[in-house]
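A.B. asks: predicted model and sequence below, questions to follow.
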Amino acid sequence: MSRTYDMDLTVTIGDTNMVGNVYFANFIKWQGMCREMALMEYAPQYVLEIDGELSGLTESTTCRYLDEVWIGERISVRMAIPWIRLHLMPLEFEYFRITESGEEKVATGSQVVACMRKDGKGFQPGPWPEGVIALGRHLGADTRRAYSG
């Protein structure tokens, strides 16, 4: 991964299942949280406009689990943006367990997000706000073919 936006967290009881390890769906939840934190920091206007005509739709998401994660562990979720083209932006995630002796990758994941504008009851591709493109540039994304507004 190139430059990343990092979100650190400590696993709580609410993140776990009945056995005590992190429930698999929470890894996807953490992807969304990391994405939203980055947008709130670098593109706050986009976040404020997202409930109007502008929408950010998740087209796909994946997660590959490499090891179990348990209550009390410290986790760093790291997001990279390789490119922004037209109205699409892929996000790549790596999850690391942070310990006194270092860090260990425990999962990887990805999302594809589309910038869409409301068109009646449906959606049409729309331009990315400048703040989102600035976030991509900050993280080293290729933005030469981004649809910008």
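C.D. replies: Received the coordinates, thanks. Numbering: from 1, shown residues only.
A.B. asks: and the residue nearest in space to the middle of the chain, what is it in contact with?
C.D. replies: The chain has residue 35 as the residue nearest its centroid, 3.2 Å off, counting by Cα atoms, centre = their mean. By Cβ atoms under 8 Å, 6 or more residues apart in numbering, residue 35 lies in contact with 79, 91, 111, 113. Where C-beta positions appear, they are placed from N, C-alpha and C, glycine not excepted.
A.B. asks: now, of the residues you listed, which are buried?
C.D. replies: 79, 91, 111, 113 (16 or more other Cβ atoms under 10 Å).
A.B. asks: the last one and residue 55 touch, don't they?
C.D. replies: No - counting by Cβ atoms under 8 Å, residue 113 sits too far from residue 55 to count as a contact (10.1 Å).
A.B. asks: which helix or strand contains residue 133?
C.D. replies: helix 130-138 (DSSP states H and E).
A.B. asks: can you give me the strands for the chain?
C.D. replies: Taking DSSP state E as the test, the strands found in the chain are 5-10, 54-65, 74-80, 88-99, 102-119, 122-125.
A.B. asks: look at residue 110 and say how many residues are nearby.
C.D. replies: Residue 110: 17 surrounding residues under other Cβ atoms under 10 Å.
A.B. asks: for this protein, which element, helix or strand, carries the lowest mean pLDDT?
C.D. replies: helix 44-49 (a mean of 81; mean pLDDT, DSSP states H and E).
A.B. asks: that helix - contacts with which helices or strands?
C.D. replies: Packing partners of helix 44-49 (3 or more Cβ pairs under 8 Å, 6 or more residues apart in numbering; DSSP states H and E): helix 25-42, helix 130-138.
A.B. asks: from the chain's centre, how far out does that helix sit?
C.D. replies: 16 Å (Cα atoms, centre = their mean, to the nearest Å).
A.B. asks: just stretch 102-112 next, same as before
C.D. replies: 12 Å.
A.B. asks: buried sites along that stretch?
C.D. replies: Residues 106, 107, 108, 109, 110, 111 are the ones in stretch 102-112 that count as buried (16+ other Cβ under 10 Å).
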